[in-house]
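Enquirer: One predicted model, sequence on top.
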Amino acid sequence: MRASALVLALAAAASAAVAADVELDAQERDGQRIYLEAASPSGAAISARIGMGGLDLSGRTAACGNCHGEDGRGRAEGGIVPSNIVWSELTRPYGHRHADGRRHGPYDEQSLRRALLDGVDPDGNRLEGAMPRYSMSAKDLGALVAYLKKLERVLDPGLGEGSIRIGTLLPLTGPLAAMGESVRDLLSAHFAALNERGGIHGRRLELEVVPLPGDGPQARAATRRLLEQGRVFAVIAPFSVGVEAELSSAAAAAQVPVLGPLTLFPEDVHASNQLVFHVLPGVVELAQVLARHAAGEPGLADRPIALLHPPTAGGQATAEAVRARLTQAGWRDTPSRPLPSTASAPKLAGELRSLGVGAVLVLGTGGDIAALAREGARTGWTPQLLLPGPLAGREIFDLPAAFRDRVALAYPSSPTDQRSDALRDFAALGQGRAAARGHLPVQQAAYAASLLLVEGLKRTGRDLSRRKLVATLETVRGFDTGLVPPLSYNADRRIGAMGAYLVAVDLAQKRLVALGAYRRLP
């Protein structure tokens, strides 16, 4: 979605807008919708005429926000520089002098209405030809003028004149509490360090941590509340395992940018809402890298590649997503099966052997892959075993010797990505914090997301909005956090580090061996 289209999408959430020091009443919220998308809340027609020939356009095509910007301050486009139309600028007591030499006195409500309807300034001079002349009801015109009077003081939710409230969602109780606490402490320390240096363009960063319940329905409800209550400007590094769909849909509904969700199973980034920016790839992308590796092995490209997934709806969905990507890449035969238990491993090994499977992609945890490998070795079936690295446990080193040189893992990052200065800064944030001693990969991913957020805020500038932050992040190319591979985004790309490192498993020495350089996905 391009920035211009995103302006229209943002209008769907306009009624939730909160001001820095004002709130919009019902009339002003109607005016906000008219300003952003030229759609009448009452359903009345809004149209516009533009240019010397009076070309008729739909109101949506000529919405005020398209040219003057969401903030009303105007942005150059196609050689045209729209005016700054915030109320304090329009009503300057000494009037205005424009680049073409036109002069006029200050606007008031009546003269602004004439400008919108008839295309003349307070002194009766005709406005530039690029300025539309609108046709709308008196009620809609009154709502638009009422909104314009407050426009410059209206900021996105969570954004104040001196602060930016950033939310996150973390498990703080139960078996994952230590991990959640470590990320909370890391983000808090990072924000505190930034604030000591003056914040971002004079605004302090405030962190709002919402506990993630262990219960599924409660976790989904907490996710929706964080995004929908209108208290945060953006969300950073939320722990979204099991609530990926809720996070994505709630972000779309509330138009809240989300950076760096902590999950191995991101939503389909090719069909997502464009508000969610992932730092690292998930299981689907790691599986693609592994499959490309297998396709380069002699005799494997023409043999089936089996997909083993957890026996859940989510596991089946992951397998379907991987199958779709592999089909696009040319794989014709990709049977999928649930991960085997110890008891079911012999039957599954026999079935896959009969199908001629040459490689097995493991897409989850919980199955007994070692039992499957032992049965395969016993019967002479030794396919390539391919696993996303974050899913592999120590048992991977205990596979039968027959699988020597036949096991490959894919990792989203590598120690070779890490610069000494970045590691030093990262370590300093964890000094004296007990929770910081573990969960390093998760903490580093969260820190990388936090660095990306800061970079986006700095590049966007003081004149900040969610729309502008999203548009800025889409221009990030090769951003080096010093901890993960360089991050790049565009209007259609929402995974910053789109690729993986491959490593082989040395079963004799029980160690991992790098298989070349970083493998990028298109």
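Expert: Looks like it arrived, so ask away.

Enquirer: use CA for all of it now, contacts and neighbours both
Expert: Will do.

Enquirer: Helices of the stretch 101-250 of the chain, residue ranges please.
Expert: Under the criterion DSSP state H, counting those that start in this stretch, helices of the stretch 101-250 of the chain are mapped to 109-118, 138-148, 177-196, 216-228, 244-254.

Enquirer: Show me the strands in the stretch 201-350 of the chain, by range?
Expert: 204-211, 234-236, 258-259, 276-277, 305-309, 336-338 (DSSP state E, counting those that start in this stretch).

Enquirer: Tell me which of these lies nearest to Pro106.
Expert: Among those, strand 204-211 comes nearest to Pro106, with 35.7 Å by C-alpha to C-alpha.

Enquirer: Please tell me how far that closest one is from the chain's geometric centre.
Expert: Remark: strand 204-211 is offset 18 Å from the chain centroid, using C-alpha atoms, centre = their mean, to the nearest Å.

Enquirer: Give the other helices and strands that that strand contacts.
Expert: strand 163-170, helix 177-196, helix 216-228 (3 or more C-alpha pairs under 8 Å, 6 or more residues apart in numbering; DSSP states H and E).

Enquirer: what residues does that strand touch?
Expert: Applying C-alpha atoms under 8 Å, 6 or more residues apart in numbering, the external contacts of strand 204-211 come out as 162-172, 184, 187-188, 191-192, 194-195, 198-199, 222, 226, 232.

Enquirer: ok, now stretch 249-262?
Expert: Taking C-alpha under 8 Å, 6+ apart as the rule, stretch 249-262 contacts 10, 13, 223-224, 227-228, 230, 232-241, 273-280, 442, 445-446, 448-450, 452-453, 466, 470.

Enquirer: Low-confidence ranges, the stretch 351-500 of the chain, go.
Expert: 431-438 (pLDDT under 70).

Enquirer: need the helices for it, in chain order.
Expert: 369-379, 420-429, 440-460, 466-473.

Enquirer: In a markdown table: those, plus distance to His309 and mean neighbour count.
Expert: Below are the helices of the stretch 351-500 of the chain laid out as a markdown table (distance: least, C-alpha to C-alpha, whole Å; neighbours: other C-alpha atoms under 10 Å):
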| stretch | distance to His309 | mean neighbour count |
| --- | --- | --- |
| helix 369-379 | 11 | 20 |
| helix 420-429 | 35 | 14 |
| helix 440-460 | 23 | 20 |
| helix 466-473 | 34 | 21 |
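
Enquirer: Quick one: those helices as a markdown table, columns for distance to Gly496 too.
Expert: Listed next are these as a markdown table, based on distance: least, C-alpha to C-alpha, whole Å:
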| stretch | distance to Gly496 |
| --- | --- |
| helix 369-379 | 31 |
| helix 420-429 | 18 |
| helix 440-460 | 10 |
| helix 466-473 | 10 |
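
Enquirer: Out of those helices, which is closest to Pro485?
Expert: helix 440-460 (9.9 Å).

Enquirer: Quick one: work out the angle between that closest one and strand 204-211.
Expert: 140 degrees (axes from the mean of the first three to the mean of the last three C-alpha atoms, to 10 degrees).

Enquirer: Convert helix 440-460 to CSV, retaining C-alpha atoms only.
Expert: Provided in CSV are the C-alpha atoms of helix 440-460 (Å, rounded to 0.1, in the frame of the first residue of the first chain):
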residue,chain,number,x,y,z
LEU,A,440,19.6,-13.6,24.5
PRO,A,441,18.2,-14.3,21.0
VAL,A,442,14.8,-13.0,22.0
GLN,A,443,16.3,-9.9,23.7
GLN,A,444,18.5,-9.2,20.7
ALA,A,445,15.5,-9.4,18.4
ALA,A,446,13.6,-7.0,20.6
TYR,A,447,16.5,-4.6,20.8
ALA,A,448,16.8,-4.6,17.0
ALA,A,449,13.1,-3.8,16.8
SER,A,450,13.6,-0.9,19.3
LEU,A,451,16.6,0.4,17.3
LEU,A,452,14.4,0.3,14.1
LEU,A,453,11.6,2.2,15.9
VAL,A,454,14.1,4.9,17.0
GLU,A,455,15.5,5.1,13.5
GLY,A,456,12.0,5.5,12.0
LEU,A,457,11.1,8.2,14.6
LYS,A,458,14.3,10.2,13.9
ARG,A,459,13.9,10.1,10.2
THR,A,460,10.2,11.1,10.3
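
Enquirer: picking that back up, mind giving me the ChimeraX command for buried ones among the contacts of stretch 249-262?
Expert: If you want just the buried ones from the contacts of stretch 249-262 in ChimeraX, going by 16 or more other C-alpha atoms under 10 Å, the selection is:
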select :10,223,224,227,228,230,232,233,234,235,236,237,238,239,240,273,274,275,276,277,278,279,280,442,445,446,448,449,450,452,453,466,470
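
Enquirer: quick one: contacts for the residue nearest to Gln32 when sequence neighbours are not counted?
Expert: Distance criterion C-alpha to C-alpha, 6 or more residues apart in numbering; nearest residue to Gln32, sequence neighbours excluded, is Tyr147 at 5.9 Å. Contacts for Tyr147 were tallied using C-alpha under 8 Å, 6+ apart; they are 24, 27-29, 31-32.

Enquirer: returning to that earlier point: and the helices and strands packed on strand 204-211, which is most packed in?
Expert: Across those, averaging neighbours per residue (mean count of other C-alpha atoms under 10 Å) puts strand 163-170 on top, at a mean of 22.

Enquirer: what does that strand contact?
Expert: The contact list for strand 163-170 (C-alpha under 8 Å, 6+ apart) reads 158-159, 180-181, 183-184, 203-212, 223, 226, 231-240.

Enquirer: same thing but 7 Å
Expert: 158-159, 180, 203-212, 232-239 (C-alpha atoms under 7 Å, 6 or more residues apart in numbering).

Enquirer: Contact partners for Arg97?
Expert: By C-alpha under 7 Å, 6+ apart, the neighbours of Arg97 are 103-104.
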